[in-house]
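**Q** I'd like to go over a predicted model; first the sequence, then the structure.
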Amino acid sequence: MLRAAAGLGRPKAAVPGMDLAGQVEAARRDVTLFRPGDEVFGLRRAAFAEYVSAPVDALVAKPSNLTFEAAAATGGALMALLGSAREGRIRPRRRVLINGVSGGVGTVARSDTVAIMTQSVPRPVRWGILGTGGIAATFASDLKLVEGAVLAAVGSRTAEAATTFAARHGFARAHGSWADLAADDEVDVIYVATPHAFHQAAAAVCIAGGKHVLCEKPMTLDRPSSATLVEQARSRGLFLMEAMWMRCNPVIRRIAALVADGAIGEVTAVHADLGLQGPFPATHRLMDPALGGGALLDLGVYPINLAHLILGMPASVQAWAHLSPEGVDQNTGLLLGYPSGAVAALSCSLVAATGNAATITGTTGRIQLPPAFFMPRTFTLHRGGDTEVFDLDFPGKGFQFEAEEVQRCLAAGEVESPLMPQATTLEIMGLLDAIREQIGVRYQPPRSGQPNSGRTTR
Ligand SMILES: NC(=O)c1ccc[n+]([C@@H]2O[C@H](COP(=O)([O-])OP(=O)(O)OC[C@H]3O[C@@H](n4cnc5c(N)ncnc54)[C@H](OP(=O)(O)O)[C@@H]3O)[C@@H](O)[C@H]2O)c1
């Protein structure tokens, strides 16, 4: 299990009559200092420990029951301690995290823990969502969990859908066209949530409007069109990231770190499958070649990304798929071979009650991810005859982590994320192209402009 941090206990009763100075002094005692990457108890803090592992110097937590003023003052006091302990390498205190609720200094202390991170508080990031379907709703819900995220505007093909979505999910403005959303001066970044076939056109409209983009997976229908988008974003100095949320999940990040540390020896195999049972009507986007349908681009991207995260690019790809009458792949198997001698056996399906689990096997151990492996809260590490279970509970479905990563990048002035670099997107898009060539799935050329009709069924 994740290690519980020493010195952090249940909420204490308020200390009657203790003045501000007394509270601050009390809070300065028994400080727990977490190093970057340390495992910290509890969800938010564990997530933050992962989240801050690269850019942040340290995280401090202190059991307390402080007033508002004491929390703020204690932040300063603890940072002074940290600063002296770390010989001035510390950046100024700018953030206080209280019982998992983070905010600037001044956040009301209503529970037992104060944590100070030496990271600047990102300025509020104003989000737009383009498309009002299923995943847009899920993302909007998790976006509410993200500190600093402002639900600014929604863009849709119709004003009616935009207005309904904005009202339901609490967005400030609704636009009846993609262009109007892209022109909204009070939007910083747009999450593109249309079916795959329109990702390129929609993201291009956003980039042309000077907006940063988080684009649903797959980035586009093929590598050349993804490369075009990357080029467009780079030439404008704008952030662009494929929304491969699995790679931002703290459990997945933990697994990648463990594997990189040699926790299971040399990796020999990745097994993963992902499916939906269906059946889907022929009009559903998953069955429609004009909408980039098929299991590979919708579901296969997760096993492929997991294998890529662990093993990089394969030297050999063999694919086989059973195609639907519409010409999209509905049951697909992949065998990837790597220069190291490792293999990946991956599958995806639109017709099967698949297990949706994954295993990463190495010479000295293995890691098992239960269903649904692409949005994990837990995994099991088997090594040396021992079994360790890692749990990370968190609210929401886990889309908040990719949104947090986008905001971190924007605050840091980064135009792509190290968690899902553009080069990785392009490599995987190229892999998908090669697989589609083998299985005989061909899409129409990517469309441009905003389509006016043809709502999908989901
Ligand atoms: N990360 C994940 O776990 C996850 C899960 C599901 C889907 N996805 C991805 O998210 C994307 C959308 O999936 P979804 O299930 O949300 O799709 P969806 O509900 O079928 O459609 C999403 C929205 O796109 C717009 N749209 C639909 N048909 C369109 C068309 N012909 N032309 C232009 N816009 C159209 C509609 O919004 P308006 O009516 O407002 O224009 C629709 O509500 C896909 O690329 C998929 O891969 C990701």
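**A** Yep, that arrived. Numbering: from 1, shown residues only.

**Q** Doesn't Leu334 lie inside a strand?
**A** Yes - assignment of Leu334 by DSSP: H, G, I helix; E, B strand; the rest coil places it within a strand.

**Q** what sits against it?
**A** 300, 303-304, 317-319, 344-347, 435 (C-beta atoms under 8 Å, 6 or more residues apart in numbering). C-beta coordinates here come from the backbone N, C-alpha and C atoms, glycine included.

**Q** Which one (most neighbours) among those?
**A** Highest neighbour count within the contacts of Leu334, by other C-beta atoms under 10 Å: Gly300, with 29 neighbours.

**Q** separation between that residue and the ligand?
**A** 11 Å (C-beta to the nearest ligand atom, to the nearest Å).

**Q** Point out the residues in this structure that sit beside the ligand.
**A** 131-136, 156-157, 161, 193-196, 198, 216-217, 243, 245, 285, 298, 451, 454-456, 458 (C-beta under 6 Å from any ligand atom).

**Q** In helices only, show me the residues you listed.
**A** 134-136, 161 (DSSP state H).

**Q** The residues you listed, buried ones only, as a ChimeraX selection?
**A** The buried residues among these can be selected in ChimeraX (16 or more other C-beta atoms under 10 Å) with this line:
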select :135,136,161
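
**Q** Determine which two of the ones in helices among the residues of the chain next to the ligand are furthest apart.
**A** Ile135 and Ala161 (14.5 Å; C-beta to C-beta).

**Q** Break the chain into its domains for me.
**A** 20-117, 125-244, 246-397+418-439 (automatic domain parsing).

**Q** Tabulate these in CSV, adding columns for mean pLDDT and distance to Gln407.
**A** Output for the domains of the chain, formatted as CSV (pLDDT from 0 to 100; distance: least, C-beta to C-beta, whole Å):
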stretch, mean pLDDT, distance to Gln407
domain 20-117, 40, 11
domain 125-244, 97, 5
domain 246-397+418-439, 96, 11
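
**Q** most tightly surrounded among those?
**A** domain 125-244 (a mean of 21; mean count of other C-beta atoms under 10 Å).

**Q** okay, how far is it across that one, tip to tip?
**A** 20 Å (C-alpha to C-alpha, to the nearest Å).

**Q** Use 148 as the first number from now on
**A** Happy to do that; since the first residue is 148 now, the last one works out to domain 272-391.

**Q** What separation do you get for the residue of the stretch 198-347 of the chain found nearest the ligand and Pro371?
**A** Closest residue of the stretch 198-347 of the chain to the ligand, C-beta to the nearest ligand atom: Gly280 (2.2 Å). Between Gly280 and Pro371 the distance is 26 Å, computed by C-beta to C-beta, to the nearest Å.

**Q** Centre-most residue in this structure?
**A** Glu549 (2.7 Å; C-alpha atoms, centre = their mean).

**Q** Go ahead and confirm it touches Pro397.
**A** No - at 11.5 Å, Glu549 does not count as touching Pro397 under the criterion of C-beta atoms under 8 Å.

**Q** Start and end of stretch 323-332, how far apart?
**A** By C-alpha to C-alpha, one end of stretch 323-332 lies 16 Å from the other end.

**Q** repeat for stretch 349-369
**A** Per C-alpha to C-alpha, the first residue of stretch 349-369 is 15 Å away from its last.

**Q** Kindly report the same for stretch 416-433.
**A** With C-alpha to C-alpha, one end of stretch 416-433 sits 29 Å from the other.

**Q** As a check, name the ranges of all helices in the stretch 498-605 of the chain.
**A** Listed in chain order, the helices of the stretch 498-605 of the chain (DSSP state H, counting those that start in this stretch) span residues 547-559, 569-586.

**Q** Kindly reformat those helices as TSV containing distance to Leu458.
**A** Converted to TSV, these look like this (distance: least, C-beta to C-beta, whole Å):
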stretch	distance to Leu458
helix 547-559	22
helix 569-586	12
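
**Q** So which of these is nearest Asp331?
**A** helix 547-559 (16.5 Å).

**Q** ok, residues contacting that closest one?
**A** So helix 547-559 is contacted by 194, 198, 202, 267, 269-270, 272, 274, 286, 289-290, 292-296, 335-336, 338, 359, 361, 386, 388, 390-392, 395-397, 541, 562-564, 566 (C-beta under 8 Å, 6+ apart).

**Q** returning to that earlier point: quick one: which of the contacts of Leu481 sit in helices?
**A** Using DSSP H, the contacts of Leu481 in helices are 450-451, 582.

**Q** contacting residues for Ala500?
**A** 422, 424.

**Q** do the same with the one 4 residues further on
**A** When contacts are counted by C-beta under 8 Å, 6+ apart, Ala504 touches 419-420, 515-518, 520.

**Q** Quick one: the helices in the stretch 248-397 of the chain, in order.
**A** Under DSSP H, counting those that start in this stretch, the stretch 248-397 of the chain gives helices at 281-290, 306-316, 325-329, 346-355, 370-383, 397-407.

**Q** Looking at those, which is nearest to Ser471?
**A** Nearest to Ser471, of the helices of the stretch 248-397 of the chain and by C-beta to C-beta, is helix 281-290 at 20.8 Å.

**Q** So which elements touch the closest one?
**A** The elements that helix 281-290 packs onto, with contact taken as 3 or more C-beta pairs under 8 Å, 6 or more residues apart in numbering; DSSP states H and E, are strand 272-277, strand 296-302, helix 306-316, helix 547-559.

**Q** Other residues contacting that helix?
**A** Against helix 281-290 from outside (C-beta under 8 Å, 6+ apart): 274, 276, 296, 298, 301, 312, 315-318, 338, 340, 363, 543-547, 550, 605.

**Q** redo that, cut-off 10 Å
**A** 272, 274, 276-279, 296-298, 301, 303, 312-313, 315-318, 338-342, 361, 363-364, 390, 392, 541-551, 603, 605 (C-beta atoms under 10 Å, 6 or more residues apart in numbering).
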